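In: My questions are about this predicted structure, shown below with the sequence.
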Amino acid sequence: MKFKWKLFIWTMASVTLAYCLSGSMMITSAFRVTYDKEVEIATEEHEIMQNTLIMVLSHLSKNVTDDVWRQVVKDLDDTSARKNFYFCIQNKEKSDLYQSYSMKKDGILAYNKDEGIGDTGVFLYTQDDKYLLMTRSYINSDNGKYYLNIIRDISDIFESRTNQLAIFYRIMGIIMVLTAGVSYLIAYYLAKPLFKISRVADEISEGNFSVRANLEGYDEIGELAMDIDSMADTLEKNFEELNDAVRRQEDFVGNFAHELKTPLTSIIGYADTLRSKKLDEEEIFKAANYIYTEGKRLEGMSFKLLEMQVTKQQEMVLKDVDAQYLGDNVCGALTPLMDSTGMELNVDFEPGIIIADTDLIKSVIFNAADNARKANESAGRKKVDILGKLENDKYIISIIDEGTGIPEEELGKITEAFYMVDKSRARKQGGAGLGLALCKQIMEQLGGTIEFESKVGEGTKIILTLKGKEITEEEEESEDE
């Protein structure tokens, strides 16, 4: 059953129950008060009649016969002249001596208390479609007990209750119709956002992650709508990232196949030439050198891929690395390479502690510096700066070149495996597009980041950000020792 109908039924049931209970209690309570009042009046009138009868009989002879009782009660009945007010007198055998209304013995509905002198019994009868209230008491006489019964017709209070119930049922019918209309509108209004949320969920399940509920509100339904929209945002983002990952994987496989195909084709061609033709020494050396060069490039590419796979699987144990010590090592290792290509290397690391793995961070700096050297060679420039500085709890290493620069639209792609901004230049310089991808992966494992700033024609700045701290006095003393 839909929520709208559940809400409608529960509202109708609650209103009906509340109205029935409250109306019934009010009518019953009013009837009870009226009935008790009738009983009280009947009891008081009975006692007055009883006392009057005793007083009249006391003035008569002591030997009061049944005929005397009959006559006295008849006279009282005649003098009362009240409508719906009846007398009945019975002797000690409870035989009727006089009665103005014949009572059935099996019509009793209610009985209040035993009859007696000063203690009037009250009985409720139904007879001939009438409700009769009878009060009874007995009077002691020389001839025994005589029972005085006074009967009152109280059908009007029962008829009044019936009329009240009829009016109540009519009003209840009107209220139920109005309640049904209002309940349906309320249920529809409250359930309408749920219908929209349901449609949004169906759309999402069918793969449409762009749809949103866009419902405003601070109740539970509004919060649910915002959660659904938030989930859709996350799914859309994840789906886009998944598609992007699939695209990158396809590009990786395609690029990898292409990177293998080009040198292998050349290797096979030169090897076939060496095998099938007679060549002079210069041609043999040229063919063998090309085979060697391309083989070394394939070897380097396989080592890089293996290193990327290994760094993914190994757990990093980070240690405190002295920044200036690292700078000296980097300078010493890179100087021969830079000198051989005519580059001017400037390494300047401020004092501080880098929290990293020494070998891995050196690998990242070497890769970045090698890229800077190649960029400078391509642009015909010479200067490469490697600078380090401590900023709060971060240590920032910058590798700056004056090379050709990278177009802004290419910056987000340069850390993808096999991606090369200038493929011809990269292959000419022995690159395979794996260096920066490996750098990014290492930096993520070190808990740091790698960022790029570049302007075409002016150069590129690679920024490595790692956790860092100041050198303590104890560490300075241990270094001095």
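Out: All right, it came through fine.
In: Next secondary structure element downstream of the least confident helix or strand in the chain by mean pLDDT?
Out: The helix or strand of the chain with the poorest confidence is helix 423-428; it has a mean of 43 (mean pLDDT, DSSP states H and E). Next helix or strand after helix 423-428 toward the C-terminus (DSSP states H and E): helix 435-445.
In: If you count contacts, what does that next one end up packed against?
Out: Where contact means 3 or more CB pairs under 8 Å, 6 or more residues apart in numbering; DSSP states H and E, helix 435-445 is packed against helix 281-313, helix 358-379, strand 449-455. Quick note: C-beta positions are derived from backbone N, CA and C, even for glycine.
In: Pick the most deeply packed of the ones you listed.
Out: Highest mean neighbour count among the helices and strands packed on helix 435-445 (mean count of other CB atoms under 10 Å): helix 358-379, with a mean of 20.
In: Give the next helix or strand downstream of that helix.
Out: strand 383-391.
In: How about residues contacting that next one?
Out: The contact list for strand 383-391 (CB atoms under 8 Å, 6 or more residues apart in numbering) reads 323, 326-327, 330-331, 334, 338, 343-352, 365, 369, 372-373, 376, 395-402, 468-470.
In: and it with helix 358-379, angle?
Out: Counting by axes from the mean of the first three to the mean of the last three CA atoms, to 10 degrees, strand 383-391 lies at 140 degrees to helix 358-379.
In: average pLDDT for strand 383-391?
Out: Here strand 383-391 scores 93 as its mean pLDDT.
In: Now do it: distance to the chain's middle.
Out: Taking CA atoms, centre = their mean, to the nearest Å, one finds strand 383-391 lying 49 Å from the centre of the chain it belongs to.
In: returning to that earlier point: so which of the helices and strands packed on helix 435-445 gets nearest residue 180?
Out: In terms of CB to CB, the element of the helices and strands packed on helix 435-445 nearest to residue 180 is strand 449-455, at 63.9 Å.
In: list the helices and strands the following helix or strand past the closest one packs on?
Out: Per DSSP H and E, strand 449-455 leads on to strand 459-469 as the next helix or strand towards the C-terminus. Counting contacts by 3+ CB pairs under 8 Å, 6+ apart, strand 459-469 is packed against strand 353-356, helix 358-379, strand 383-391, strand 394-401, strand 449-455.
In: Dump these to CSV, plus distance to residue 442.
Out: Output for those, formatted as CSV (distance: least, CB to CB, whole Å):
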stretch, distance to residue 442
strand 353-356, 9
helix 358-379, 5
strand 383-391, 17
strand 394-401, 13
strand 449-455, 9
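In: Now tell me which of the ones you listed the model trusts least on average.
Out: Among the helices and strands packed on strand 459-469, helix 358-379 scores lowest, at a mean of 83.
In: mind exporting that one as CSV, just the C-alpha atoms?
Out: The C-alpha trace of helix 358-379 is given here as CSV (Å, rounded to 0.1, in the frame of the first residue of the first chain):
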residue,chain,number,x,y,z
THR,A,358,65.2,9.4,1.4
ASP,A,359,65.5,7.2,-1.7
LEU,A,360,62.0,7.8,-3.0
ILE,A,361,62.1,11.6,-2.6
LYS,A,362,65.5,11.6,-4.3
SER,A,363,63.9,9.6,-7.2
VAL,A,364,61.2,12.2,-7.5
ILE,A,365,63.7,15.1,-7.5
PHE,A,366,65.9,13.4,-10.1
ASN,A,367,62.9,12.7,-12.4
ALA,A,368,61.7,16.3,-12.1
ALA,A,369,65.3,17.7,-12.6
ASP,A,370,65.8,15.5,-15.6
ASN,A,371,62.6,16.8,-17.1
ALA,A,372,63.8,20.4,-16.4
ARG,A,373,67.1,19.6,-18.2
LYS,A,374,65.4,18.2,-21.2
ALA,A,375,63.0,21.2,-21.4
ASN,A,376,66.0,23.6,-21.2
GLU,A,377,67.8,21.7,-24.0
SER,A,378,64.8,22.0,-26.2
ALA,A,379,64.5,25.7,-25.6
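In: could you check the angle strand 394-401 makes with it?
Out: Interaxial angle, helix 358-379 versus strand 394-401 (the same axes, to 10 degrees): 30 degrees.
In: From the chain's centroid, how far away is helix 358-379?
Out: On CA atoms, centre = their mean, the centre of helix 358-379 falls 50 Å from the chain's centre.
In: One more: stretch 6-19?
Out: In terms of CA atoms, centre = their mean, the centre of stretch 6-19 is found 28 Å from the chain centre.
In: Filter the contacts of strand 383-391 down to just the buried residues.
Out: Neighbour counting by 16 or more other CB atoms under 10 Å classes 323, 326-327, 330-331, 334, 338, 343, 345, 347, 349, 352, 365, 369, 372-373, 376, 395-402, 468-469 among these as buried.
In: Would you double-check that residue 41 falls in a helix?
Out: Yes - going by DSSP: H, G, I helix; E, B strand; the rest coil, the assignment for residue 41 places it inside a helix.
In: and the gap between it and residue 139?
Out: 21 Å (CB to CB, to the nearest Å).
In: next one: residue 440
Out: Using CB to CB, one gets 118 Å for the distance from residue 440 to residue 139.
In: give the contact list for residue 264.
Out: Contacts of residue 264 by CB under 8 Å, 6+ apart are 294, 298.
In: Revised request: answer the last question for residue 165.
Out: By CB under 8 Å, 6+ apart, the contact list for residue 165 reads residue 27.
In: From the chain's centroid, how far away is whichever helix or strand it is part of?
Out: Using DSSP H and E, residue 165 maps to helix 155-205. Mean C-alpha position of helix 155-205 versus that of the full chain (CA atoms, centre = their mean) differs by 30 Å.
In: so for it, what's the average pLDDT?
Out: Mean pLDDT, computed over helix 155-205, is 83.
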